[in-house]
Every structure is written in C-alpha cells, then in structure tokens.
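K.L.:
Provided below are the primary sequence and the corresponding predicted coordinates.
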Amino acid sequence: MEREVNEIAVGLDIGTTKIVAMVGKYNEYGKMEVLGIGKSKSLGVHRGVVNNITQTIQSIQQAIQEAESVSGLKINDVTVGIAGQHIRSLQHSDYITRPNADAVIDEDDIDKLCNQVHKLVMLPGEEILHVLPQEYKVDGQAEIKEPVGMYGGRLEANFHVVVGQVTSIRNIGRCVKSAGLELSDVTLEPLASANAVLSQEEKEAGVALIDIGGGTTDLAIFKDGIIRHTAVIPFGGNVITEDIKEGCSIIEKQAELLKIKFGSAWPGENKDNEIVSIPGLRGREPKEITLKNLSKIIHARVVEIVEQVFLEIKNYGHESPKKKLIAGIVLTGGGSQLNHLKQLVEYITGMDTRIGYPNEHLAGNSDSETTSPMYATAVGLVMDGLIHIKKQKKISEKEPVVSVQSKRQPETATIDDDITIEEEDPRVDLKPRKNILEKWTEKFKEFLDNAE
C-alpha cells in the first residue's frame, strides 16, 4: 500500500464560497481517479483573499477530515491553488548579452534571463509569482520557442509576469501549515482550471478560459500552447446573490437557492406570470417574486462581469490576426452553471463558447458530482500534484544511473579527468529539466519557511 500512497495527490482549492480537498491518483489507463472529496463552507475568505485566519484553518481542517474519511487515507501534504483579487499580470521584455557567443545557449542562460526579470521593481508589498517566457529571440531572430542548444550572443525574451501581494500569499501558506499540512506544490488557480478542462488542441488554436467562482472570476488566455494572459476580476457568483438579496428583500440563503433553482442570465426566457413564493420570516407573509424580475437582476450583474472579462480579452489583443482565439471561450467554475449563460456570453463577445467540464482527464467511471465545473480547479490541482510526484520519481530513478556511470571511470583517473568526462558525457542531460513553475514553487516554499 505504501508504494501506492506515494502516487496519490491531494488538491486543496481555497475558494470564497467553499474549500475543497480532493484526493486522486492515476489509474492503469493514465486517467485520474478521484478517491475522495471533502468540502466545507469557506468562512474566512473574501474575494479569494484570507481575511480570517482562524476560520480558514477550521474550514480547511473540516474539508481535509471529510476527504480522509471518504478516501480512507491520511492526508499530509497538499497542492494549493493561489488566486484572489490581488493577482495581476503584465508583459515584459528583457535580454542578456552572453560573454561567449561561440558557446551554445544552455539552461543557465535561460535561468539568468528569468532571474533578471525577478529583479523587476514592483509596487510596495507586491511580489512576482510566475515568470513565464512567451518566445525567445536569438541575435534578432524572432519566434524561437526553445533556444537551448543554439549559438548566439544576445538572448532576448518576452515574458508574461504574474504579480501578487506578499501578505495575501503568506496568509494562505500560514493557514495550510497551521491546519497541520505540508505544501507539496503551489499553482496559480487559472492555470489549474485550464489543465483540467482544456484540450491541447484548444490551447494551440487560441482559447480564453473564464472560471467564474464565488468571489472572483479568473481568466487565462492560451495561444500556440503557451499561456499569454491572466487576470483576476474581483466579482463572482456572490455579487449576483447579493443583488438578489437586496433587490427582492430576502435573506442570503433564500437568494442563493433562488439563483440556483430559477435563475437565468437571459430575461426574455421568463413569462410575466411565472411567480415564486418564498416563505416569510417568523410568521410574516410569504413573498412573491416574478421570475422575470429575478432574471433581470441576474442579467444586469452577469453582463457587467462578462464585459469586464471581455475588456481583458481585448487588452490581450484578440482582434489582431496573429492573436486570434480560434477556439473561442470556455466557461467553468460554479458560476458557469447559470442557465443561458453560454448564450449571453456568445451574444456579448461574438465568440464560440462552451461550458468546460473537468472530465477531459478523469476516469470514465467518475460520478457526475466530480465532473461538475464547480470542481474544475480542484481536479486541476490534483493533476498538478500527480505530475509533480511523477517528476520527482523520475529524478530519483535516474540519479542512480548517473552514479553507475561514474563508477565505470578508471581508478587511475585524476580529478581533472573526471571534470572533462562530466562535460562531454551526453548522459548528463538525463535529469529532467525543471520548468519555471517548479523553480518558483521551491522559491515560494523557502519564502514561506522564512516567514514563519
């Protein structure tokens, strides 16, 4: 059983309305099998940012306990998603001049270039989270996706830089650690959702993923298989509920139920005589609400959210032929389940739209609850966790191979001989290269440990 436990990952999605802990592993067909889900009401989070440490810790523990009892496994470490209204992104170009143009470009040159971007001066209290290279230029030759192994004196790149507030991120780390858990990996939530619901073809063709959560709406734009733009809009399903509560003078619980059961983003769908009766508080008269009014309230707020997202898509420049999003828009998250939302988004943006279900990588026997758009981020986080475990395993498997190689050296070899053999040995490249996100995760963990 021990071997299997090593290949099990846990995703922890700390959202504004709910906290989800999902346990998963790969089955024999390479698909993800969900072993258990635990969820709890998120009490200490507002618009993706922790505003009550104690309540958040309790909610995390509750979700983890439920996931443990369903899966029958003890959970020690989790892959956590980071989002929130403090996340913003910017485009940046940078270059390095290499001292020796006759040597080929290697991983160290790319690291040097990325580290240079990490030194950008940010606003007070902000820190760079991800530095994602878009494409490279070598000596003025553009549109190079992989410069390693090429000759060149000047290495240039365009970067997509994701920035967030230090305190908000530190608080999430603190909550996870205080709940008795280890951080095995950290991922930006729009990226996790994208992994769960988008196909590689869509990412290549150009697609905008809109994840409508409770407190925030996340946007991730892909083109040519590379993430091009991310944004977090500080509105989500909760503001719609709030509007219904105010507009119909009812309590929040009733407003949420009304939205889920009868809500529609398209007012023309409801007839004037369709009425819902809501029981009054403590013996008061029941309230009668027309569905037409309800959908008008919802429509007004949804249009505002969609227009904000569409503005971000325009900022990315989707109207230019090179940046065209051929695959259109994919809606996911709990808010995407609102009736007629797909039609409204198509009407406002004029782009093809579909609802994204996280069943792309899930095992065929997964229940309908797991494949709901509500759990897209959690599924993506588990997938990231599993990929991380696989990479770690590969590294530990390949390390002995390199040591066997060194044992074959003749005993008479001097230290200098060893060095030249190391340089020329083609097998040195056996170790998988760490991608930018993995390097960032390591830095982030160090940052959290220092913050304790």
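P.N.:
Received the coordinates, thanks. Numbers count the residues shown, from 1 in each chain.

K.L.:
end-to-end on stretch 276-290?
P.N.:
Distance across stretch 276-290, first residue to last, is 6 Å (C-alpha to C-alpha, to the nearest Å).

K.L.:
quick one: average pLDDT of that stretch?
P.N.:
For stretch 276-290, the mean pLDDT works out to 86.

K.L.:
show me what contacts the most centrally placed residue in the chain?
P.N.:
With distances taken as C-alpha atoms, centre = their mean, the residue of the chain nearest its centroid is Glu189 (2.3 Å). With contact taken as C-beta atoms under 8 Å, 6 or more residues apart in numbering, Glu189 is in contact with Asp13, Gly81, Ile82, Ala83, Asp211, Asp218, Thr377, Gly380. All C-beta spots, glycine's among them, are computed from the backbone N, C-alpha and C.

K.L.:
how about 7 Å then?
P.N.:
Gly81, Ile82, Ala83, Asp218, Thr377 (C-beta atoms under 7 Å, 6 or more residues apart in numbering).

K.L.:
what of Gln85?
P.N.:
Gln85 makes contact with Arg47, Gly48, Val49, Thr216, Val232, Pro234 under the criterion C-beta under 7 Å, 6+ apart.

K.L.:
dihedrals phi and psi, the closest residue to it other than its chain neighbours?
P.N.:
Spatial nearest neighbour of Gln85, excluding adjacent residues (C-beta to C-beta, 6 or more residues apart in numbering): Pro234 at 3.7 Å. In terms of degrees, to the nearest 10, the main-chain angles of Pro234 are phi -80, psi 40.

K.L.:
doesn't Thr216 make contact with Pro234?
P.N.:
Yes - under the criterion of C-beta atoms under 7 Å, Pro234 makes contact with Thr216 at 5.8 Å.

K.L.:
between these two, what contacts are shared?
P.N.:
Arg47, Gln85.

K.L.:
who has more neighbours, those two?
P.N.:
Of the pair Pro234 and Thr216, Thr216 is the one with more neighbours under other C-beta atoms under 10 Å, namely 28 against 17.

K.L.:
pull the contacting residues for the more buried one.
P.N.:
Thr16, Arg47, Gly48, Ala83, Gly84, Gln85, Val232, Ile233, Pro234, Gly236.

K.L.:
top of the residues you listed by neighbour count?
P.N.:
That'd be Ala83 among the contacts of Thr216, by other C-beta under 10 Å, with 31 neighbours.

K.L.:
for that residue, which non-adjacent residue is spatially closest?
P.N.:
The shortest distance from Ala83 to any non-neighbouring residue, by C-beta to C-beta, 6+ apart, is to Glu189 (3.8 Å).

K.L.:
ok, Met122 next?
P.N.:
Spatial nearest neighbour of Met122, excluding adjacent residues (C-beta to C-beta, 6+ apart): Val163 at 6.0 Å.

K.L.:
can you classify the one you found by secondary structure?
P.N.:
strand (DSSP: H, G, I helix; E, B strand; the rest coil).

K.L.:
may I have the beta-bridge partners of it?
P.N.:
Arg88, Ile128 (DSSP bridges).

K.L.:
what helices and strands are in contact with the helix or strand harbouring Phe222?
P.N.:
Secondary structure from DSSP states H and E places Phe222 in strand 217-223. Judged by 3 or more C-beta pairs under 7 Å, 6 or more residues apart in numbering; DSSP states H and E, strand 217-223 is in contact with helix 189-197, strand 207-212, strand 226-233, helix 291-316.

K.L.:
can I get the CA coordinates of that strand in CSV?
P.N.:
Extracted in CSV, the C-alpha atoms of strand 217-223 (Å, rounded to 0.1, in the frame of the first residue of the first chain):
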residue,chain,number,x,y,z
THR,A,217,-13.7,35.4,-12.0
ASP,A,218,-10.3,34.1,-13.3
LEU,A,219,-9.2,34.5,-16.9
ALA,A,220,-6.5,32.6,-18.6
ILE,A,221,-5.7,33.0,-22.4
PHE,A,222,-3.7,30.5,-24.3
LYS,A,223,-2.4,30.7,-27.9
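
K.L.:
what sits up against it?
P.N.:
Here strand 217-223 has contacts from 83, 189-191, 193-194, 198, 203, 206-211, 227-233, 235-236, 305, 309, 312-313, 316, 323, using C-beta under 7 Å, 6+ apart.

K.L.:
what of stretch 318-335?
P.N.:
Contacts of stretch 318-335 (C-beta under 7 Å, 6+ apart): 193, 197-198, 202, 205-214, 223, 236-237, 316-317, 341-342, 345, 349, 351-356, 373-374, 376.

K.L.:
would you mark the buried spots in that stretch?
P.N.:
Neighbour-count burial for stretch 318-335 flags His318, Lys323, Leu325, Ala327, Gly328, Ile329, Val330, Leu331, Thr332, Gly333, Gly334, Gly335 (criterion: 16 or more other C-beta atoms under 10 Å).

K.L.:
next, count neighbours for the closest residue to Thr349 other than its chain neighbours.
P.N.:
In space, and not counting its chain neighbours, Thr349 is closest to Phe310: 5.2 Å by C-beta to C-beta, 6+ apart. Phe310 has 20 neighbours, counted by other C-beta under 10 Å.

K.L.:
so how far is Lys119 from Phe310?
P.N.:
Here the criterion is C-beta to C-beta, to the nearest Å. By it, Phe310 lies 34 Å from Lys119.

K.L.:
what's the answer for Gly236, then?
P.N.:
Taken as C-beta to C-beta, the span from Gly236 to Lys119 is 34 Å.

K.L.:
kindly report the same for Leu155.
P.N.:
Counting by C-beta to C-beta, the gap from Leu155 to Lys119 is 17 Å.

K.L.:
between the two, who's got more neighbours?
P.N.:
Neighbour tally, Leu155 and Lys119, criterion other C-beta under 10 Å: the higher count belongs to Leu155, 22 against 8.

K.L.:
wait, is that one part of a strand?
P.N.:
Yes - applying three-state DSSP, one finds Leu155 inside a strand.

K.L.:
just the helices in this structure please.
P.N.:
For the chain, applying DSSP state H gives helices covering 2-6, 53-71, 107-118, 166-178, 189-197, 200-205, 237-248, 252-262, 291-316, 341-349, 376-407, 415-424, 436-451.

K.L.:
which one of those has the poorest average confidence?
P.N.:
helix 415-424 (a mean of 40).

K.L.:
Lys203: neighbouring residues, count only.
P.N.:
Lys203 has 21 nearby residues by other C-beta under 10 Å.

K.L.:
distance of the nearest residue to it once chain neighbours are set aside from Gly44?
P.N.:
The shortest distance from Lys203 to any non-neighbouring residue, by C-beta to C-beta, 6+ apart, is to Phe222 (4.1 Å). Phe222 is 32 Å from Gly44, where distance means C-beta to C-beta.

K.L.:
Ile251 now?
P.N.:
Applying C-beta to C-beta to Ile251 and Gly44 gives a distance of 21 Å.
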